[in-house]
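J.: Got a sequence here, can you model it:
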Amino acid sequence: MSFSDSDSSSYGGATEYKIFRQISRDRLLYEMLGSTKTGDSKSTWKVLIMDKVTVKVMSHSCNMADITDQGVSLVEDLFRRRQPLPSMDVIYFIQPSKENVVMFLSDMSGREPLYKKAFVFFSSPIPKELVNHIKSDTSVVPRIGALREMNLEYFPIDNQAFITDHDRALEELFGDVENPRKFEACLNVMATRLATVFASLKELPFVRFRTAKALDDSPTSTFRDLVPTKLAAAVWNCISMYKSTIPNFPQTETCELLILGRSVDQIAPVIHEWTYDAMCHDLLDMDGNKYTYEVPSKTGGQTERKEVLMEDHDPIWLELRHAHIADASERLHEKMTNFVSKNKAAQIQQSGRDGSELSTRDLQKMVQALPQYTEQVEKISLHVEIAGKINRIIRETGLRELGQLEQDLVFGNAGAKDVINFLRTKQTETPENKLRLLMIYASVYPEKFVGDRGLKLMQLARLSREDMKVVNNMQLIGGSSDDKKTTGSFSLKFNTQKTKQATRKDRSNEEETWQLSRFYPMVEELIENLSKGELPKNEFSCINEASPTVQGDSQRATQRAPVGQASAPHSIRSKRTANWAQSRHSDDGYSSDSTLRIASTDFKKMGRRIFVFIIGGATRSELRVCHKLTTKLRREVVLGSSSIDDPPQYITKLKLLSERDLSMDNLKI
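T.: Prediction:
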């Protein structure tokens, strides 16, 4: 029996660079399942037993075929009644909890254990008392083939993103009622899971975090301000232990970790993001990454419902997901046109439709090409249908005008007059869209919601008090800036003053973009400054200060204005136009060419990884930015968060901050 973390060093980049998700998959398949193929177990099939957390860890990285290829014939739930298989070996991949250890010992102890030999892998560090509890059972110890800490308890959701699966993080860490027990439990589990990312990759990070504001605010806001600080300290405690417990773990810093609260950017979760990925999840009724649609029945009966996953295995999705919806639509049309013009079966079918007679040779070619043709055309047709559906929704709801106003607010090109005019003239706008507009307005102009001003806006927008709770709850996680002074009184009459505020600097001069794609999440600016060593230390502290021996690290403290502070408003008003036109020669960073460049990047020449972890939910725009900056900075940028939220989910979670005894299941927008 051995008790250790894996001593393999190839997964951490010592001999071969692998992207983040690939490392997670390889560790589970080869370092864990593959390591059990020893001695008598080399050629025998095994049972794999997991708990409710580790089965999600496994399913986020591997599919059933991968697991079967490693000699697993049966996958079981630890807490389900299971059939004894005394002639088979078993692999346990479980959390190191007392309940799990007791269940494992119950399976393997006594005269008639359920399985022949057990290979036990824990998803995170196991307390010594539980190890001693296992060793004290003399009937079990001889039946253990391996006892190891895998230290892999996070959930990859993308090649460059993971979550810790804390859907209630906003409520438990930033809620209106302070609950120390839930607060500590959530924070500790989150820290453990985040730390296992670095144990798995064998990376030692500089741990940076958003520093708490001055603690002279009201006492109720203090513990919320300290959330990134507390998480950073807990993560560093876990990682410090890895330095002495994991073989070949680096002793000097190899990467960067930046821990942020959701307060760093409350506009990103609710603004309409115009990429194909974001539009799919925002406007369509999707269940996670699952899209359901109807197809004509092959037998001529009723239509059939089909489900498809919008994930990495779909090359069209990978190519188009970060493209502007208008660009994605154009490129899908081009794909369909090119496919029909080049594919033999399509050409022959077309000629048949034109009245030309098909020869036997033509029919033979058609049969040979048809299977490939059917599969490819189905994939393209599916995305054409989805893009068409999104474009119809945009047209029917007048979403472009709303999107333009949202971006004008963010960039200081619109103010109270524009918002009030929109709410007055667009009475048929959906409550959700009006609420999202007011949330953006509150982020830019918090003083407009002081006193009874918010009530008047609510009445103008015809929103309920329940909906307006969301705007008020933004303050609980730092949605309103303290440094913006309250000026003037609110009036439904148009104000003649032309004072405008901005929360973003216009960066559209960097490259020619689509009309509605100027917006960028704040993490883009933060990651770029982190890469250059220009994050101001007074705002972003580092638990383990930079070591001068680490090559290429620059910790220059700057005296410039804090990142994210409003820049001087632009005097030139953006053109309000429905024209989405863009130069076809522009490179937006998300085109198929960019995707191919990322795929063919020589990772050996990449700089150190950058990890950004957002407490309280990340957005699809933030995931897009991480892919974009990986190409731009030539450093793999990995996004982590407690969850990935689409706008409706985020709004629902904000409502929960001031609710009592409610769950996300019975609280909807």
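J.: so what's residue 82 up against?
T.: 49, 76, 107, 114 (C-beta atoms under 8 Å, 6 or more residues apart in numbering). Glycine gets a C-beta too; all of them are placed from N, C-alpha and C.
J.: Helices - which of those land there?
T.: residue 107 (DSSP state H).
J.: Closest one to residue 65 out of the contacts of residue 82, please.
T.: residue 76 (18.0 Å; C-beta to C-beta).
J.: how about the closest one, what does it touch?
T.: Going by C-beta under 8 Å, 6+ apart, residue 76 touches 47, 48, 49, 50, 82.
J.: my guess is the last one is in a strand, correct?
T.: No - Residue 82 is assigned coil when assessed by DSSP: H, G, I helix; E, B strand; the rest coil, not a strand.
J.: quick one, phi psi at it?
T.: The phi/psi pair for residue 82 (degrees, to the nearest 10) reads phi -120, psi 150.
J.: circling back: got a winner among the contacts of residue 82 for most neighbours?
T.: Within those, most neighbours by other C-beta atoms under 10 Å means residue 49, with 28 neighbours.
J.: State the distance from it to residue 75.
T.: Residue 49 sits 8 Å away from residue 75, going by C-beta to C-beta, to the nearest Å.
J.: end-to-end on stretch 406-420?
T.: Terminal residues of stretch 406-420 are spaced 13 Å apart (C-alpha to C-alpha, to the nearest Å).
J.: now it: mean pLDDT?
T.: Averaged across stretch 406-420, pLDDT comes to 92.
J.: ditto for stretch 132-147
T.: 95.
J.: contacts for it?
T.: In contact with stretch 132-147 (C-beta under 8 Å, 6+ apart) are residues 1-3, 35-36, 38, 41, 89, 101, 104-105, 108-111, 113, 116-121, 131.
J.: and residue 290, how many residues sit next to it?
T.: Neighbours of residue 290 under the rule other C-beta under 10 Å: 11.
J.: What's opposite it in the beta bridge?
T.: residue 287, residue 309 (DSSP bridges).
J.: wait, what's in contact with it?
T.: Per C-beta under 8 Å, 6+ apart, neighbours of residue 290: 307, 308, 309, 310.
J.: coming back round to it: just curious, which of the contacts of residue 76 is nearest to residue 639?
T.: Using C-beta to C-beta, those come closest to residue 639 at residue 50, 25.7 Å.
J.: which residues of the stretch 301-450 of the chain fall in strands?
T.: 304-309 (DSSP state E, counting those that start in this stretch).
J.: just for it, where's the confidence low?
T.: For the stretch 301-450 of the chain, the stretches with pLDDT under 70 are 343-373.
J.: and stretch 151-169, how far out from the chain's middle?
T.: 8 Å (C-alpha atoms, centre = their mean, to the nearest Å).
J.: tell me the contacts of the closest residue to residue 126 other than its chain neighbours?
T.: Using C-beta to C-beta, 6 or more residues apart in numbering and skipping residues adjacent in sequence, the residue nearest residue 126 is residue 96, 3.5 Å away. Shown in contact with residue 96 (C-beta under 8 Å, 6+ apart): 122, 123, 124, 125, 126, 127, 130, 149.
J.: If we use 10 Å, what do you get?
T.: 120, 122, 123, 124, 125, 126, 127, 130, 131, 149, 153, 192 (C-beta atoms under 10 Å, 6 or more residues apart in numbering).
J.: can I get those in CSV with neighbour count, distance to residue 615 and secondary structure?
T.: Compiled in CSV, the contacts of residue 96 are given as follows (neighbours: other C-beta atoms under 10 Å; distance: C-beta to C-beta, whole Å; DSSP: H, G, I helix; E, B strand; the rest coil):
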residue, neighbour count, distance to residue 615, secondary structure
120, 26, 32, strand
122, 26, 25, strand
123, 26, 21, coil
124, 22, 19, coil
125, 20, 22, coil
126, 21, 26, coil
127, 12, 25, coil
130, 16, 29, helix
131, 16, 31, helix
149, 23, 25, strand
153, 26, 17, coil
192, 22, 14, helix
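J.: from these, which two are the most distant?
T.: Most distant of the contacts of residue 96, by C-beta to C-beta, are 120 and 192, 18.5 Å apart.
J.: about what we covered before: drop anything exposed from the contacts of residue 290.
T.: Buried members of the contacts of residue 290, scored by 16 or more other C-beta atoms under 10 Å, are 308, 310.
J.: Can you tell me which of the contacts of residue 290 is closest to residue 628?
T.: Among the contacts of residue 290, and counting by C-beta to C-beta, the member closest to residue 628 is residue 310, at 19.2 Å.
J.: Hmm, that closest one is touching residue 279, no?
T.: No - applying C-beta atoms under 10 Å, one finds residue 310 not in contact with residue 279, separated by 11.6 Å.
J.: Now do the shared contacts for these two.
T.: 321, 386.
J.: on that earlier part again, quick check, the residue nearest to residue 126 in a helix?
T.: No - if the criterion is three-state DSSP, then residue 96 is coil and not within a helix.
J.: so how far is residue 441 from the spatially closest residue to residue 271 that is not a sequence neighbour?
T.: In this structure, residue 271 finds its nearest non-sequential neighbour in residue 406, 5.2 Å apart by C-beta to C-beta, 6+ apart. Plainly put, residue 406 is 9 Å away from residue 441 if you go by C-beta to C-beta.
J.: what residues do those two have in common as contacts?
T.: Shared contacts of residue 406 and residue 441, counting by C-beta under 10 Å, 6+ apart, come down to 414, 419.
J.: Tell me where the longest strand sits in this structure.
T.: strand 607-615 (DSSP state E).
J.: Alright, calling it a day.
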